[in-house]
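# output the structure for:
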Amino acid sequence: MIWLYAVCEDPQRPLPDVSGLGGAPLEGIPDGPLLAVATRHDHVPDSTAADALWTHQRVVESIQRERAVVPVRFGTRHADPDRVRAALAGRRGQLLAALERVRGRVELAMRVIEPGEALDGRAYLARRRKAAALHDALTALAVAEVRRPERGGQELLRGAYLVERPALRAFTAAVETLQREHPEASLVCTGPWPAYSFVGDPG
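Numbers count the residues shown, from 1 in each chain. Below is the predicted model:
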């Protein structure tokens, strides 16, 4: 059984010296210009273990430090290498376009929380305008954005932003400025992460 972590380019380049789930060594499965990064297992790894998701994430981040990478959704697996190559071949154009889209870029996740009581119509509209203004300010520093539905009444904004690596400092500085301008809210920025939100599902 093949467990997939990511699809990247430069099949000739050695993979980073990190272990996958269960301590298994990384293996590259090439198809033309693409390389699937995987580990082999006799049985499905214990994906319920507390550290399994972080192991998967660590592998993807290690690859990302060296080349463009399309992260694969946690839990994606195939029966054998031939199935992996067929998946790569069937989506080659899409995967190459995704690699081009994220090359030199990372994802930053953003949440804005503003505690408050039940809102009347006017207060609700004011919150929506504030959320839109915050989102627009951050979008101006990104090459792409995804705004997601808020969770719960206190969450004002939830989004992901694809940012050029040289712009990371400017983005985090903008978050700090917005936090000073809006002390009534809590702005939580995490990352940089591999660009999960901007590549679709390559598995």
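# so V188 sits against R111, correct?
Yes: V188 is in contact with R111 according to C-beta atoms under 8 Å; the separation is 4.5 Å. For the C-beta atoms, the positions are set from N, CA and C on the backbone; glycine is no exception.
# who has more neighbours out of these two?
R111 (17 against 13; other C-beta atoms under 10 Å).
# you'd agree that one is in a helix?
No: going by DSSP: H, G, I helix; E, B strand; the rest coil, the assignment for R111 is strand, not a helix.
# show me what contacts it?
155, 157-158, 187-188 (C-beta atoms under 8 Å, 6 or more residues apart in numbering).
# which of these lies closest to L35?
L35 lies nearest to R158 out of the contacts of R111, by C-beta to C-beta, at 32.9 Å.
# count of neighbours near that closest one?
Neighbour count for R158, taken as other C-beta under 10 Å: 19.
# how close does the nearest residue to it once chain neighbours are set aside get to Q154?
Excluding the flanking residues, the one nearest R158 by C-beta to C-beta, 6 or more residues apart in numbering is R148, at 4.6 Å. Relative to Q154, R148 is positioned 15 Å away (C-beta to C-beta, to the nearest Å).
# and if you look at P166?
In this view, P166 and Q154 are 34 Å apart by C-beta to C-beta.
# do the same with Q179
For Q179 relative to Q154 (C-beta to C-beta), the value is 16 Å.
# now A97
38 Å.
# what do you get for R73?
Going from R73 to Q154 by C-beta to C-beta gives 29 Å.
# ok, L138 next?
19 Å.
# between these two, which one's more packed in?
Legend: neighbour count by other C-beta under 10 Å for L138 and Q154, higher for L138 (24 against 13).
# buried set for stretch 186-197?
Within stretch 186-197, the residues that count as buried by 16 or more other C-beta atoms under 10 Å are 187, 189, 191-197.
# now those residues in TSV, with secondary structure and pLDDT?
Formatted as TSV, the buried residues of stretch 186-197 follow (DSSP: H, G, I helix; E, B strand; the rest coil; pLDDT from 0 to 100):
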residue	secondary structure	pLDDT
L187	strand	95
C189	strand	96
G191	strand	89
P192	strand	92
W193	strand	92
P194	coil	91
A195	coil	92
Y196	helix	90
S197	helix	91
